[in-house]
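In: No letters, just coordinates:
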């Protein structure tokens, strides 16, 4: 993983979100994991800056633009991203699509991918995706009464003490 990836842009100029007009889609070849970022332009400078922010040791190799055999997977991912994002914007009654990219990225990375036989998250991290603190062994009766960060910190300390016994 992280040895080869593709980058593509989704043109959102017909639905600008403030200064954002493009979605940067980075897809790892092996795991199919995607990373999405809102971009203001599609200049090489801005795109390369985003790639290097994610992967500082990256060696860029330019492919042929829109060559279907080499772009197929990322093009399919783009269509999925657009569809999921449209649903997210409708559900949240907003046109600010840049705010939904992290949710769309999560949805895409935690969906089963038939080509790799698991979710991209599982392929990348070797375990099923989880949200929140559910994997932590805090008793349910303590969780139900929890309302503050301080209570959470106390509960985590108790769990750690129990684990060390």
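Out: Noted; the coordinates are in hand. Just so you know, these numbers come straight off a predicted model, no measurement behind them.
In: which helices and strands does whichever helix in the chain runs longest pack with?
Out: As assigned by DSSP state H, the longest helix anywhere in the chain is helix 68-91. Applying 3 or more Cβ pairs under 8 Å, 6 or more residues apart in numbering; DSSP states H and E, we find helix 68-91 packed against strand 5-11, strand 22-28, strand 34-39, helix 101-109. For glycine as for every other residue, the C-beta is placed from the backbone atoms N, C-alpha and C.
In: With mean pLDDT added, can I get these in CSV?
Out: As requested, the helices and strands packed on helix 68-91 are arranged in CSV below (pLDDT from 0 to 100):
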stretch, mean pLDDT
strand 5-11, 91
strand 22-28, 94
strand 34-39, 96
helix 101-109, 96
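In: if we can go back for a sec, can you give the distance from the longest helix of the chain to the centre of its chain?
Out: 13 Å (Cα atoms, centre = their mean, to the nearest Å).
In: what angle do it and strand 5-11 make?
Out: Put simply, helix 68-91 runs at 50 degrees to strand 5-11, going by axes from the mean of the first three to the mean of the last three Cα atoms, to 10 degrees.
In: show me what contacts the most centrally placed residue in the chain?
Out: The centroid of the chain falls nearest to residue 105 when counting by Cα atoms, centre = their mean (3.1 Å). By Cβ atoms under 8 Å, 6 or more residues apart in numbering, residue 105 lies in contact with 34-36.
In: Neighbour-wise, which one of these leads?
Out: Highest neighbour count within the contacts of residue 105: residue 36, with 23 neighbours (other Cβ atoms under 10 Å).
In: For that residue, name its beta-bridge partners.
Out: Assessed by DSSP bridges, residue 36 has beta-bridge partners residue 25.
In: where's it relative to residue 127, distance?
Out: 22 Å (Cβ to Cβ, to the nearest Å).
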